[in-house]
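Q: Provided below for reference: sequence and predicted model.
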Amino acid sequence: MELEALKHSSFFRGLNEEEARQAAQLLQAQTRAYRKGARVLRAGDATDRMGLVLSGSVTIESNDFWGNRTILSSVGAGGFFAETYALLQGEALSVDVTANEPSRILFLTIGGPAQPQILAAPWGAKLAVNLLTISAHKNLALSRRSFHTAPKTIRGRVMAYLNSVALQAHATSFEIPFDRQQLADYLNVERTALSKELGKMRREGLIACERSRFTILADGGAF
(Lines give C-alpha, C1' and ligand atoms only; values in the text may rest on other atoms or scores of the structure.)
Protein backbone atom coordinates (compact mmCIF):
# COMPACT_ATOMS: atom_id res chain seq x y z
CA MET A 1 0.00 0.00 0.00
CA GLU A 2 1.37 3.42 -1.05
CA LEU A 3 0.40 5.24 2.15
CA GLU A 4 3.08 7.91 1.78
CA ALA A 5 1.83 8.86 -1.69
CA LEU A 6 -1.75 9.00 -0.44
CA LYS A 7 -0.85 11.19 2.53
CA HIS A 8 0.56 13.80 0.17
CA SER A 9 -2.30 13.60 -2.34
CA SER A 10 -5.05 16.20 -2.66
CA PHE A 11 -7.64 13.52 -1.82
CA PHE A 12 -6.15 12.93 1.65
CA ARG A 13 -5.49 16.61 2.40
CA GLY A 14 -6.25 17.39 6.06
CA LEU A 15 -6.00 13.79 7.31
CA ASN A 16 -3.42 12.87 9.92
CA GLU A 17 -1.34 9.71 9.57
CA GLU A 18 -3.73 7.45 11.50
CA GLU A 19 -6.75 8.77 9.60
CA ALA A 20 -4.92 8.24 6.33
CA ARG A 21 -4.10 4.66 7.33
CA GLN A 22 -7.73 3.94 8.23
CA ALA A 23 -8.99 5.54 5.03
CA ALA A 24 -6.54 3.63 2.82
CA GLN A 25 -7.65 0.35 4.40
CA LEU A 26 -11.34 1.13 3.99
CA LEU A 27 -10.82 2.29 0.41
CA GLN A 28 -9.03 -1.02 -0.41
CA ALA A 29 -5.99 0.78 -1.83
CA GLN A 30 -4.27 -1.36 -4.49
CA THR A 31 -1.39 -0.57 -6.83
CA ARG A 32 -1.01 -1.86 -10.39
CA ALA A 33 1.66 -1.30 -13.03
CA TYR A 34 0.91 -0.71 -16.73
CA ARG A 35 3.11 -0.72 -19.80
CA LYS A 36 2.93 2.07 -22.36
CA GLY A 37 -0.26 1.83 -24.44
CA ALA A 38 -2.05 -0.49 -22.02
CA ARG A 39 -5.72 0.13 -21.26
CA VAL A 40 -6.20 1.06 -17.62
CA LEU A 41 -9.97 1.41 -17.91
CA ARG A 42 -12.07 0.60 -20.97
CA ALA A 43 -15.11 2.40 -22.39
CA GLY A 44 -18.32 0.46 -21.81
CA ASP A 45 -17.16 -0.98 -18.49
CA ALA A 46 -18.28 0.24 -15.06
CA THR A 47 -16.00 0.86 -12.10
CA ASP A 48 -16.31 1.62 -8.40
CA ARG A 49 -12.66 2.74 -8.15
CA MET A 50 -10.88 6.00 -8.84
CA GLY A 51 -7.24 6.03 -9.85
CA LEU A 52 -4.26 8.01 -8.53
CA VAL A 53 -1.28 8.18 -10.88
CA LEU A 54 1.81 7.41 -8.80
CA SER A 55 4.27 7.57 -11.69
CA GLY A 56 4.01 8.02 -15.43
CA SER A 57 0.86 9.44 -16.99
CA VAL A 58 -2.42 8.40 -18.60
CA THR A 59 -4.61 9.94 -21.30
CA ILE A 60 -8.38 10.18 -21.09
CA GLU A 61 -9.57 9.54 -24.62
CA SER A 62 -12.57 8.67 -26.77
CA ASN A 63 -12.01 5.91 -29.32
CA ASP A 64 -14.80 5.02 -31.76
CA PHE A 65 -15.41 1.86 -33.78
CA TRP A 66 -13.84 3.45 -36.88
CA GLY A 67 -10.48 4.04 -35.23
CA ASN A 68 -10.88 7.76 -34.56
CA ARG A 69 -9.33 9.03 -31.33
CA THR A 70 -10.03 12.22 -29.44
CA ILE A 71 -7.88 13.00 -26.39
CA LEU A 72 -9.80 14.84 -23.70
CA SER A 73 -7.03 15.28 -21.14
CA SER A 74 -3.74 14.00 -19.77
CA VAL A 75 -3.30 13.00 -16.11
CA GLY A 76 0.22 13.00 -14.71
CA ALA A 77 1.76 11.87 -11.43
CA GLY A 78 -0.35 13.01 -8.48
CA GLY A 79 -3.50 13.34 -10.59
CA PHE A 80 -6.76 11.42 -10.29
CA PHE A 81 -9.17 9.94 -12.82
CA ALA A 82 -12.53 8.09 -12.98
CA GLU A 83 -13.82 9.57 -9.70
CA THR A 84 -17.18 10.52 -11.28
CA TYR A 85 -17.78 7.05 -12.70
CA ALA A 86 -16.76 5.43 -9.43
CA LEU A 87 -19.42 7.41 -7.56
CA LEU A 88 -22.18 6.72 -10.12
CA GLN A 89 -22.78 3.03 -9.57
CA GLY A 90 -23.23 1.04 -12.78
CA GLU A 91 -22.57 3.99 -15.10
CA ALA A 92 -20.65 2.75 -18.14
CA LEU A 93 -17.48 4.65 -19.01
CA SER A 94 -17.75 6.70 -22.20
CA VAL A 95 -13.94 7.06 -22.39
CA ASP A 96 -10.84 4.90 -22.32
CA VAL A 97 -7.99 5.51 -19.89
CA THR A 98 -4.68 4.57 -21.51
CA ALA A 99 -1.15 4.51 -20.10
CA ASN A 100 0.83 7.18 -21.95
CA GLU A 101 4.11 5.64 -20.69
CA PRO A 102 5.06 2.93 -18.17
CA SER A 103 2.89 3.91 -15.21
CA ARG A 104 1.93 2.89 -11.70
CA ILE A 105 -1.66 3.48 -10.62
CA LEU A 106 -3.13 3.34 -7.12
CA PHE A 107 -6.83 2.42 -7.13
CA LEU A 108 -9.23 3.47 -4.37
CA THR A 109 -12.73 2.03 -4.02
CA ILE A 110 -15.06 4.96 -3.39
CA GLY A 111 -18.27 3.52 -4.88
CA GLY A 112 -20.66 0.74 -3.91
CA PRO A 113 -20.89 -0.49 -0.30
CA ALA A 114 -17.83 1.58 0.69
CA GLN A 115 -19.68 4.89 0.30
CA PRO A 116 -21.78 4.89 3.51
CA GLN A 117 -18.80 3.62 5.53
CA ILE A 118 -16.63 6.43 4.20
CA LEU A 119 -19.20 9.11 4.99
CA ALA A 120 -19.78 7.69 8.49
CA ALA A 121 -16.06 7.82 9.37
CA PRO A 122 -14.80 10.79 11.45
CA TRP A 123 -12.64 11.86 8.51
CA GLY A 124 -15.32 11.19 5.88
CA ALA A 125 -16.34 14.84 5.51
CA LYS A 126 -12.75 15.81 4.72
CA LEU A 127 -12.58 13.25 1.93
CA ALA A 128 -15.92 14.42 0.54
CA VAL A 129 -14.74 18.04 0.37
CA ASN A 130 -11.42 16.99 -1.19
CA LEU A 131 -13.22 14.89 -3.79
CA LEU A 132 -15.48 17.82 -4.66
CA THR A 133 -12.39 19.99 -5.19
CA ILE A 134 -10.81 17.35 -7.44
CA SER A 135 -14.01 17.16 -9.51
CA ALA A 136 -14.13 20.97 -9.80
CA HIS A 137 -10.59 21.00 -11.20
CA LYS A 138 -11.58 18.31 -13.72
CA ASN A 139 -14.57 20.36 -14.87
CA LEU A 140 -12.28 23.35 -15.31
CA ALA A 141 -9.89 21.29 -17.44
CA LEU A 142 -12.73 20.15 -19.70
CA SER A 143 -13.94 23.75 -20.01
CA ARG A 144 -10.45 24.80 -21.09
CA ARG A 145 -10.47 22.17 -23.82
CA SER A 146 -13.70 23.61 -25.23
CA PHE A 147 -11.89 26.96 -25.61
CA HIS A 148 -8.89 25.22 -27.22
CA THR A 149 -11.02 23.50 -29.88
CA ALA A 150 -13.44 26.39 -30.50
CA PRO A 151 -11.36 28.27 -33.14
CA LYS A 152 -12.08 27.17 -36.71
CA THR A 153 -8.46 27.22 -37.88
CA ILE A 154 -5.60 24.97 -36.81
CA ARG A 155 -3.47 28.01 -35.96
CA GLY A 156 -6.27 29.40 -33.81
CA ARG A 157 -6.50 26.14 -31.86
CA VAL A 158 -2.74 25.88 -31.40
CA MET A 159 -2.51 29.47 -30.18
CA ALA A 160 -5.47 29.05 -27.81
CA TYR A 161 -3.90 25.93 -26.31
CA LEU A 162 -0.36 27.31 -26.00
CA ASN A 163 -1.65 30.56 -24.51
CA SER A 164 -3.59 28.60 -21.88
CA VAL A 165 -0.58 26.45 -20.95
CA ALA A 166 1.66 29.52 -20.75
CA LEU A 167 -0.79 31.25 -18.41
CA GLN A 168 -0.90 28.21 -16.14
CA ALA A 169 2.90 27.87 -16.18
CA HIS A 170 3.44 31.62 -15.67
CA ALA A 171 6.13 31.34 -18.34
CA THR A 172 6.54 31.63 -22.09
CA SER A 173 8.67 28.47 -22.25
CA PHE A 174 7.11 25.20 -21.09
CA GLU A 175 6.55 21.52 -21.80
CA ILE A 176 3.19 20.08 -22.85
CA PRO A 177 2.03 16.56 -21.87
CA PHE A 178 1.45 15.45 -25.50
CA ASP A 179 3.53 14.24 -28.42
CA ARG A 180 2.56 15.47 -31.90
CA GLN A 181 -0.06 12.80 -32.57
CA GLN A 182 -1.61 13.27 -29.14
CA LEU A 183 -1.68 17.05 -29.57
CA ALA A 184 -3.43 16.58 -32.91
CA ASP A 185 -5.96 14.24 -31.29
CA TYR A 186 -6.50 16.71 -28.44
CA LEU A 187 -7.10 19.63 -30.81
CA ASN A 188 -9.20 17.51 -33.21
CA VAL A 189 -6.98 18.14 -36.24
CA GLU A 190 -4.94 15.98 -38.62
CA ARG A 191 -1.36 15.37 -37.54
CA THR A 192 0.15 16.30 -40.92
CA ALA A 193 -1.84 19.54 -40.99
CA LEU A 194 -0.76 20.32 -37.42
CA SER A 195 2.92 19.70 -38.21
CA LYS A 196 2.65 21.93 -41.29
CA GLU A 197 1.07 24.74 -39.26
CA LEU A 198 3.65 24.46 -36.48
CA GLY A 199 6.36 24.73 -39.14
CA LYS A 200 4.78 27.93 -40.49
CA MET A 201 4.54 29.40 -37.00
CA ARG A 202 8.24 28.64 -36.39
CA ARG A 203 9.27 30.28 -39.67
CA GLU A 204 7.16 33.34 -38.88
CA GLY A 205 8.89 33.70 -35.51
CA LEU A 206 5.78 33.07 -33.43
CA ILE A 207 7.04 29.99 -31.59
CA ALA A 208 10.03 27.72 -31.10
CA CYS A 209 9.42 24.05 -30.38
CA GLU A 210 11.35 20.83 -30.02
CA ARG A 211 9.48 17.66 -29.12
CA SER A 212 7.19 18.62 -26.23
CA ARG A 213 8.91 21.91 -25.31
CA PHE A 214 7.41 25.10 -26.68
CA THR A 215 8.46 28.72 -26.41
CA ILE A 216 6.19 31.59 -27.32
CA LEU A 217 8.31 34.19 -29.13
CA ALA A 218 5.71 36.80 -30.01
CA ASP A 219 4.99 39.42 -27.35
CA GLY A 220 2.00 38.05 -25.46
CA GLY A 221 2.22 40.26 -22.42
CA ALA A 222 3.41 39.44 -18.92
CA PHE A 223 2.87 36.06 -17.39
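A: Now that the structure is in, tell me what you want to look at. The model shown is predicted, which means the values in this text are computed figures rather than measured ones. Numbering: from 1, shown residues only.

Q: C-terminal to the biggest helix by length in the chain, what's the next element?
A: Longest helix of the chain, by residue count under DSSP state H: helix 124-148. Per DSSP states H and E, the first helix or strand lying C-terminal to helix 124-148 is helix 154-169.

Q: Name the residues of that following helix that come out as buried.
A: Residues 154, 157-163, 165-166 are the ones in helix 154-169 that count as buried (16 or more other CB atoms under 10 Å). Backbone N, C-alpha and C define where each C-beta goes, glycine included.

Q: Just put those in CSV and tack on distance to residue 82.
A: Listed next are the buried residues of helix 154-169 as CSV, based on distance: CB to CB, whole Å:
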residue, distance to residue 82
154, 31
157, 27
158, 29
159, 31
160, 27
161, 24
162, 28
163, 29
165, 24
166, 29
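
Q: Output those residues as CSV; include the columns distance to residue 21 and pLDDT.
A: Listed next are those as CSV, based on distance: CB to CB, whole Å; pLDDT from 0 to 100:
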residue, distance to residue 21, pLDDT
154, 50, 97
157, 46, 97
158, 46, 98
159, 48, 96
160, 44, 97
161, 41, 97
162, 43, 97
163, 43, 95
165, 37, 96
166, 41, 96
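
Q: and which of the residues you listed is nearest residue 131?
A: Nearest to residue 131 among the buried residues of helix 154-169 is residue 165, at 26.0 Å by CB to CB.
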